[in-house]
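Undergrad: from the sequence below, what's the structure:
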Amino acid sequence: MSVVRLDCMTNVEDVVDDLMPARPRPQGSRQRTAHIWPAQGVAHLDYDDPDHVFQVTVTCVPRRRLIVPEGPICEIDGVEVGLVEVVIGNHVLVTIEGLPGPVHDKALEDYQIAHERWAQEVTASGLDGNTPPPWPGDRLQGRPQLSDDCGTVYRWERGRSGGNGAEWSSDAVFYPIPPPEARILRLDFSTTGSADAQVILPLQ
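TA: Predicted coordinates:
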């Protein structure tokens, strides 16, 4: 995965300004009156409804990185898998990657050959009808499943895999974040609930 980092954004005023840009409103949109207090991170919106107005509050939430074990944590499709990071912010982000080994290395070699062939086809005839080969990390999608000691139901929201130099990497985003009373976050990498493929991370 290739991530482009811009300047760190921690100023609430800048975030509010970004949410409420000074630009023409879309044609056909409802008329509104907006009062904005960037320093407080608050915007008041009035759509002339007789019973309701809206208040939008922007809060700066720190990212919390849990301590994860080193080395392989499970095996998926013959590939040992490592837990790269678990980050809690507005959601839970879990990053895993395949670790070097015979199956990992063969799949990576096959991908590189297929990608080179695909690039040559694109050069010869353009993108139309030419689909790039799947990243090796695609086979890690759908793992893990999350739970905690409070019975929170975590739902998988989205994921992504691969990238130049990160062909065997896979991200998964889950909602909601753990409640304050939760003491542990459980990651289950198996399809059968086997304890051999579980990682338990302390939250407190």
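Undergrad: pLDDT on the longest strand belonging to the chain, on average?
TA: As assigned by DSSP state E, the longest strand anywhere in the chain is strand 79-88. Across strand 79-88, pLDDT averages out at 96.
Undergrad: repeat for stretch 49-60
TA: Mean predicted confidence for stretch 49-60 is 88.
Undergrad: could you report the separation of the residue nearest to Thr33 when sequence neighbours are not counted from Val58?
TA: In space, and not counting its chain neighbours, Thr33 is closest to Asp46: 4.4 Å by CB to CB, 6 or more residues apart in numbering. To be clear about C-beta, it is placed using only N, CA and C from the backbone, and glycine gets the same treatment. In this view, Asp46 and Val58 are 18 Å apart by CB to CB, to the nearest Å.
Undergrad: more neighbours, those two?
TA: A side-by-side neighbour count of Asp46 and Val58, using other CB atoms under 10 Å, places Val58 first with 17 against 13.
Undergrad: related to what we said a few turns ago, helices or strands up against the longest strand of the chain?
TA: Packed against strand 79-88 by the contact rule (3 or more CB pairs under 8 Å, 6 or more residues apart in numbering; DSSP states H and E) you find strand 64-65, strand 72-76, strand 92-98, helix 102-125, strand 184-188.
Undergrad: tell me the angle of it relative to strand 92-98?
TA: 160 degrees (axes from the mean of the first three to the mean of the last three CA atoms, to 10 degrees).
Undergrad: so Phe54 touches Val42, yeah?
TA: No: the pair Phe54 / Val42 is not scored as a contact, 11.0 Å apart, by CB atoms under 8 Å.
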